[in-house]
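Asker: pasting the structure only:
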């Protein structure tokens, strides 16, 4: 359910303003709202000293972040940040003292990492060109000069060999026959070439090679004057040395910054808190002697807020309730459900956060989602294995990943329902239980042909109940929101659904003939009601909407379909397992059951979620809620709290 | 013979509707991935949109089941 929220204003003496903000930040109970709408107030947050302080803090936070980013990730140490506790001058000095060494080391690190990326790009073409010019490969630049020869290595960005021939022709026209050109494909889309020519025509060759598709491979300085073979060897050695060199510089960086890390973390937290509090001041209003803060607080926390503020700030700070509609879309939303159902909040939030004053479907999701999962899996062995896996997952992720821990809990409840329906359907690894113990199903053996009809009716029954519940909730909510058209639409839909169910019951000989007239009457009245609400297009839109709702009910047939698919796959696994020798049977059976189990953990959950999102929530959920962001808590008002600031400006 | 024809009919009902669902989901899915890449907060709604055509194959299953049960 959504926690009721109270809008309140906190009024106190102006000189207590900063302490009040500090204590509100510490308490983490309220979300601050814009107080500038209240009269008489004057903005207190735009004076220059605060603005300059904010800029200084932001600069220091950015610098501290840049230094801390060079350290391995570490947990933020806890603290009680107090504004003004950070000695900004000392911190600035500390950062300035660190900066030259850090810059030198990061510069070296960047150069080494660049080398790691760049060297292979030179090495690979040269390595491939080496066999093409074996006689020249061992000559360095000086020896080539003695022979009055020059070489150019280049890469053509193409796979087309005709371009090499064109280059050969162009070179022939420019310098005659006084050159040698060899080429090979060095990578996809690139041809490497070496051109050897007399020193006297160097200028002509370089001018010709200045065209668009020619990439001149200029070697890094360290390898420039070596022979081709020596360059390749030297680069290979350098590449082998580089990882160790990078690690050594990283180690130096950690050794340099590490001793300051914990302190910098703490100071950064203090500065972030101070920034949050400075930003919060912008939301307050004040007269010459008093300040006023407007805030949202969960109604259940209001008394605690009052007593805490009285204890910490004295009796002069007063809290007054302000009039606010509980259904105002600007009211922040806080989901507060019983502990066992809280993990299911994730699935509701995943679609959309309910708007303030509307229905929170978490409890109903906690009831129906695992039940539907259980209907689809419906196998004792799979249920037990999923339960064991989910319990292990919950233990492993507890405290480390709240989302995964929540999902594990959802799977635990789903697995329990799977065991229950496994007993009802008499399934243990598909038909293995039946083979070993005979038909032990409490209700019906699901894969049996005679079970198909009752299974389909059961699925439709769940669908009818779920959809009708959704429409009833939608009608109730429309009445609360005084949305009369929506209310009539829901009532019309309920009438048509009731009529159709009555007709279906009569057609299946489950209901007496007397039901026929009221059923048809309900359908006609409901249809006319829904059609009349859609204006000129009602004759088309009304029936379409109702057909869609009936389609929603039929959609629950997937409970039977997915369940049967899972059961038949298990039976196929057992059949294949008995087809050969026992050791092979165990292997094949284990493989197919593991595959089916993996599918059973995933697919039924997706299908059950879809039934909730599309068929159920669409009947009543009003999304677009604004999450409650308590000031001083993670995700609360912070330097980047754009939504709150934007609201203030509106 | 008759049982075989019933089985073929049921298979066609599920198979063709599954093809139609796949075709629709491929297009919606591609668009949904684009939406998620730009606005991850719409992941829930994107999944919802991708899931909508699945009703087709479920209706195909319903027809197939009725073919087997009633004929």
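Answerer: Nice, thanks for sending it over. Treat the numbers as computed from the prediction; the structure is a model and nothing was measured.
Asker: And the helices in chain B, which stretches?
Answerer: B:2-38, B:43-51, B:54-70 (DSSP state H).
Asker: Tabulate those (CSV), appending distance to chain A.
Answerer: Quick note: C-beta positions are derived from backbone N, CA and C, even for glycine. Listed next are the helices of chain B as CSV, based on distance: least, Cβ to the nearest Cβ, whole Å:
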stretch, distance to chain A
helix B:2-38, 9
helix B:43-51, 4
helix B:54-70, 5
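Asker: Would you format these as JSON lines with distance to residue A:134 included?
Answerer: JSON lines is the format used below for those (distance: least, Cβ to Cβ, whole Å):
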{"stretch": "helix B:2-38", "distance to residue A:134": "51"}
{"stretch": "helix B:43-51", "distance to residue A:134": "59"}
{"stretch": "helix B:54-70", "distance to residue A:134": "66"}
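Asker: Can you lay out these as JSON lines showing mean pLDDT?
Answerer: As requested, the helices of chain B are exported to JSON lines (pLDDT from 0 to 100):
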{"stretch": "helix B:2-38", "mean pLDDT": "93"}
{"stretch": "helix B:43-51", "mean pLDDT": "81"}
{"stretch": "helix B:54-70", "mean pLDDT": "83"}
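Asker: Just tell me which of those ends up closest to residue A:410.
Answerer: Relative to residue A:410, the nearest member of the helices of chain B by Cβ to Cβ is helix B:43-51, separated by 15.6 Å.
Asker: And for residue B:6, the neighbour number?
Answerer: For residue B:6, the tally of surrounding residues (other Cβ atoms under 10 Å in any protein chain shown) stands at 15.
Asker: Surely it is in contact with residue B:70?
Answerer: No - look at residue B:6 against residue B:70 with Cβ atoms under 8 Å: they stay out of range, at 9.9 Å.
Asker: Chain B versus the spatially most central residue of chain A, what's the distance?
Answerer: Against the mean C-alpha coordinate of chain A, by Cα atoms, centre = their mean, the closest residue is residue A:350 at 9.8 Å. Separation of residue A:350 from chain B (Cβ to the nearest Cβ, to the nearest Å) stands at 4 Å.
Asker: Can you tell me the closest non-neighbouring residue to that residue?
Answerer: residue B:44 (4.4 Å; Cβ to Cβ, 6 or more residues apart in numbering or on different chains).
Asker: That neighbour and residue A:610 touch, don't they?
Answerer: No - assessed by Cβ under 8 Å, residue B:44 is found out of contact with residue A:610, at 11.3 Å.
Asker: where along the stretch 1-150 of chain A do the helices fall?
Answerer: Along the stretch 1-150 of chain A, the segments classed as helices by DSSP state H, counting those that start in this stretch run A:17-27, A:48-68, A:88-129, A:141-146.
Asker: quick one, what contacts residue A:119?
Answerer: A:220, A:235, A:238-239, A:242 (Cβ atoms under 8 Å, 6 or more residues apart in numbering or on different chains).
Asker: so which of the helices of chain B gets nearest residue A:546?
Answerer: Nearest to residue A:546, of all the helices of chain B, is helix B:54-70, at 15.3 Å by Cβ to Cβ.
Asker: same for that closest one, what does it pack against?
Answerer: Helix B:54-70 sits against helix A:452-480, helix A:538-554, helix A:558-577, helix B:2-38, with contacts defined as 3 or more Cβ pairs under 8 Å, 6 or more residues apart in numbering or on different chains; DSSP states H and E.
Asker: can you list the residues of chain A near chain B?
Answerer: Neighbours of chain B within chain A, by Cβ under 8 Å from any Cβ of the partner chain: A:350-352, A:452-453, A:456, A:551, A:554-555, A:557-558, A:560-561, A:606, A:609-610, A:613-614.
Asker: Name the nearest residue to residue B:16, sequence neighbours excluded.
Answerer: Distances taken as Cβ to Cβ, 6+ apart put residue B:60 closest to residue B:16, at 6.9 Å, once the chain neighbours are dropped.
Asker: thought the one you found was touching residue B:22?
Answerer: No - under the criterion of Cβ under 8 Å, residue B:60 is not in contact with residue B:22, lying 11.8 Å apart.
Asker: Kind regards, and thank you for your time.
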